[in-house]
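In: Dropping the sequence and predicted coords here.
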Protein chains: 2
Amino acid sequence: MQSVIKSLLQKNKSKIILVVLDGVGGLPINGKTELEQAKKPNLDKLAQVSACGLHIPVSYGITPGSGPGHLGLFGYNPLECQIGRGVLEALGLGIELKKTDVAIRCNYATLKDNIITDRRAGRIQTEESKKLTEKLQQEISFIDNVEIIFAQGMEHRFVTIFRFKELLTPDSALISDTDPQKEGLPPLLPRPLSENAIKVSAIAEKLLAKSKEVLKHNSKANFILLRGFSTTPDIPTFYEAFGLKALAIAAYPMYRGLARLIEMDAPIFTGTVEDEINFLIERYNDYDFFFLHVKKIDSYGEDGNFEGKASEIEAFDKVLPKILELNPDVLIITGDHSTPALLKSHSWHPVPVLLKSPFVLGRTSNAFTERECLKGELGIFQSMHLLPLALANSMRLKKYGA
Amino acid sequence: MQSVIKSLLQKNKSKIILVVLDGVGGLPINGKTELEQAKKPNLDKLAQVSACGLHIPVSYGITPGSGPGHLGLFGYNPLECQIGRGVLEALGLGIELKKTDVAIRCNYATLKDNIITDRRAGRIQTEESKKLTEKLQQEISFIDNVEIIFAQGMEHRFVTIFRFKELLTPDSALISDTDPQKEGLPPLLPRPLSENAIKVSAIAEKLLAKSKEVLKHNSKANFILLRGFSTTPDIPTFYEAFGLKALAIAAYPMYRGLARLIEMDAPIFTGTVEDEINFLIERYNDYDFFFLHVKKIDSYGEDGNFEGKASEIEAFDKVLPKILELNPDVLIITGDHSTPALLKSHSWHPVPVLLKSPFVLGRTSNAFTERECLKGELGIFQSMHLLPLALANSMRLKKYGA
């Protein structure tokens, strides 16, 4: 399908704004979902004149992580474009990955007589582990001409990047984890699972030896475990796939990282949602497509804070008119997945979406809620079809066949 | 899926009528779509007791041409069965294509010192170009034992057919266009893009030389450009795929041509929609399946004539009772795509459909409109699923598995 879309692309001056209210879909508590509870006159009014529906990020019953959730919204099939765990962890730490990188999730662990006695090094404090990671970086900056980059996460977690000089094949990071997953067992050796992974695996073996040497005087964090070896996904850039020059505006590093994987511009940004909108207004002439990420709604959902999630939806509703004033050719408001406070986690439930353009039926839905979006003209559909709909509504797709 | 359907087919004496109101789907102007505006008591009453829904011809956001639109309605996947531009142009001119044909869209052009100075030969009048095409036919009837057939289109456009004696492989027409797409450039040579295309390409080179000789005394139309080399698509006939003996009734050549591609009977026919229905009644005992094509609704849509489109829908509504009197086992009324007057063109919007049979839920939709069909039991689905639904409702499909 992507090759068909690509063959139909035509350029014009239209503007498309995609607002992602992270985790916006919910479930009822006392009869009402978070979206039904929230007072949000602007969103509801907009839904009335928009094409509404619900989208499924991956498949029925599948709860998506943020990676697949966003890839779907960006028009990619999340089942075909998987993001490795190491890469996702690195993006979450704000590391700018290159096409020549292998990213690895790492743990500090305790090793005694070649047996892992604690897979988390006593849940070492971040303050302490940060110092160790800095020391590793000082002592190990290259192995066999490959640059080694360390980045501290929370507690025992950190990420290691092997930055090669040359491009890697997609199978270069097919390497088994060294974490035996249970205490009382010896650590595993990294095993290359493809021919192209042999050289990467060799670097990993040397990294294990070197870091053991650097950490040998620690009683707890004296060893490291390696998991989720991964290269950046081999997918077309957003511009290649859809012909759109795109700006990502997100306060959280992981979402900027996801956008950067497909080469959207994603400058470092801190600030409120209102700041994000001001930034969008500032850069409005420079791009075709804007991805604006609103995080807090999801965070309250994850906390099981129903009222907090509803009030963050209300807060977005208040600043929505500033986006409407721009009068973009296409405005989409949706989430990357549902995060019902009831579940305190991401969920598999379809995500409400509204798409505003001059070329919709409208008048099918009275509000921007799960139940009202069900009545909408978009029906229930896979997330990856949303981007082609945005392209169609902005007149960026030619006719297919004569 | 097609092989599953085929394995389940069973014959009976049921009758299926598919009425295609070309381009019937629309968008609101002043709040109402064309279907909402039209007074059509018969269609609305029928919708109330039918299975209603909306179908998507190709995919979300994709605007289909008439070819993919109809292939979908006929039960084929339009992404898998593509119709080449040359073939479609030939069908539009009413040429009866054979499986051994290569069809090519041609333009008269002006060549000066081997530079194309006008790609349309000064938009030569049809009257004049027709004479040239007749002359070409007189002078060139065979090249290397391959029959050459010319057919005049409008102005500078015509079609050339290479009619081989033997069957061709599907890749035999993979030949590059000779049109440089811009004036001020030399014409391109046809280049075979597969081994099997070499012999076809050689004929094309000879055609270019011969036609240049024939046209050399014209000041404007002294050269021809070749585009869209194509063979007829390699797809099963309608009877093979669905076991239905089918009659196509269409006043426009292209739609008869599309039907003939899958070997429906499609006799030459001129007349009004009422004439079409009378013809259907006349031949009702001879076929299982009837495809009745109503063109004008689309034409008004293309013109941006909202009222005209609505009044053509009303006109169809008036003659609908004559079809209902036949009491077919399955009656489907829909379009091949949407053509909103608002857009003055085909569009990507799902197409309303009603399916009447004794085996539907019904009472979901109050009228035959986009918004009422949204409430229907068929939901939003891909066009190619409509034909299996017709087969099921006419009891022509056995159970799958035990």
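Out: Nice, I can see it.
In: measure A:Glu34 to A:Leu387 for me?
Out: When distance is defined by CB to CB, to the nearest Å, A:Glu34 is 26 Å away from A:Leu387. No exception for glycine: its C-beta is placed from N, CA and C like everyone else's.
In: The two: which is more packed in?
Out: Neighbour count, other CB atoms under 10 Å in any protein chain shown: between A:Glu34 and A:Leu387, A:Glu34 has more, with 32 against 25.
In: Let me know the pLDDT of that one.
Out: For A:Glu34, the pLDDT comes out at 98.
In: Spell out the secondary structure type for A:Gly53.
Out: strand (DSSP: H, G, I helix; E, B strand; the rest coil).
In: residues in contact with it?
Out: A:352-353, A:373, A:376-381 (CB atoms under 8 Å, 6 or more residues apart in numbering or on different chains).
In: Am I right that A:Phe242 is in contact with A:Leu387?
Out: Yes - in this structure A:Phe242 lies within contact range of A:Leu387 using CB atoms under 8 Å: 6.3 Å.
In: Residues that sit against both of these two, list them.
Out: Residues touching both A:Phe242 and A:Leu387 by CB under 8 Å, 6+ apart: A:Gly75.
In: where along chain A do the strands fall?
Out: According to DSSP state E, chain A carries its strands in the segments A:16-21, A:51-56, A:101-112, A:115-118, A:142-143, A:146-152, A:157-163, A:223-231, A:246-249, A:289-294, A:330-334, A:351-356, A:379-382.
In: State the distance from the residue nearest to the spatial centre of chain A to B:Glu139.
Out: With the centre of chain A defined as its mean C-alpha position, the nearest residue by CA atoms, centre = their mean is A:Gly67, 3.6 Å away. Distance, A:Gly67 to B:Glu139, by CB to CB: 65 Å.
In: Domain ranges for chain A, per the record?
Out: Domain assignment for chain A by automatic domain parsing gives A:2-81+A:236-393, A:87-231.
In: which one of those has the most crowded surroundings?
Out: domain A:2-81+A:236-393 (a mean of 20; mean count of other CB atoms under 10 Å in any protein chain shown).
In: Straight-line length of that one, end to end?
Out: 17 Å (CA to CA, to the nearest Å).
In: Smallest distance to chain B belongs to which residue of the stretch 101-250 of chain A?
Out: Among the residues of the stretch 101-250 of chain A, A:Phe242 lies nearest to chain B; the distance is 10.9 Å by CB to the nearest CB.
In: Next, the contact list for that residue, please.
Out: Per CB under 8 Å, 6+ apart, neighbours of A:Phe242: A:5-6, A:9, A:75, A:289, A:387, A:391.
In: Quick one: the helices in the stretch 51-200 of chain A, in order.
Out: Applying DSSP state H, counting those that start in this stretch to the stretch 51-200 of chain A gives helices spanning A:66-73, A:85-92, A:126-139, A:198-215.
In: Check which helices and strands the last one is in contact with.
Out: Where contact means 3 or more CB pairs under 8 Å, 6 or more residues apart in numbering or on different chains; DSSP states H and E, helix A:198-215 is packed against strand A:101-112, helix A:126-139, strand A:142-143, strand A:157-163, strand A:223-231.
In: Reformat those as CSV; add distance to B:Ala402 and mean pLDDT.
Out: Below are the helices and strands packed on helix A:198-215 laid out as CSV (distance: least, CB to CB, whole Å; pLDDT from 0 to 100):
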stretch, distance to B:Ala402, mean pLDDT
strand A:101-112, 48, 96
helix A:126-139, 60, 96
strand A:142-143, 61, 97
strand A:157-163, 53, 97
strand A:223-231, 45, 96
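In: Now do the same for A:Thr369: its pLDDT.
Out: pLDDT at A:Thr369 comes out at 98.
In: and it, what does it touch?
Out: A:33, A:35-36, A:352.
In: Stretch A:57-75 vs chain B: in contact?
Out: No - figure legend: stretch A:57-75 not in contact with chain B (CB under 8 Å from any CB of the partner chain); closest approach 9.9 Å.
In: Next one: the residue of the stretch 101-250 of chain A closest to chain B from A:Cys52, what distance?
Out: Separation of A:Phe242 from A:Cys52 (CB to CB) stands at 23 Å.
In: Identify the residues contacting the residue of the stretch 1-150 of chain A found nearest chain B.
Out: Across the stretch 1-150 of chain A, no residue is closer to chain B than A:Met1, which sits at 6.0 Å (CB to the nearest CB). For A:Met1, the contacting residues are B:59, B:79, by CB under 8 Å, 6+ apart.
In: Just to check, A:Phe306 is in contact with A:Leu35?
Out: No - counting by CB under 8 Å, A:Phe306 stays clear of A:Leu35, with 11.2 Å between them.
In: what do these two both touch?
Out: Contact with both A:Phe306 and A:Leu35 is made by residues A:Gly26, according to CB under 8 Å, 6+ apart.
In: ok, the contacts of A:Gly53 vs chain B, which is closest?
Out: For the contacts of A:Gly53, the residue nearest chain B by CB to the nearest CB is A:Gly379; the value is 3.9 Å.
In: May I ask you to confirm that the closest one is in contact with B:Leu378?
Out: No - using CB under 8 Å, A:Gly379 makes no contact with B:Leu378, being 10.9 Å away.
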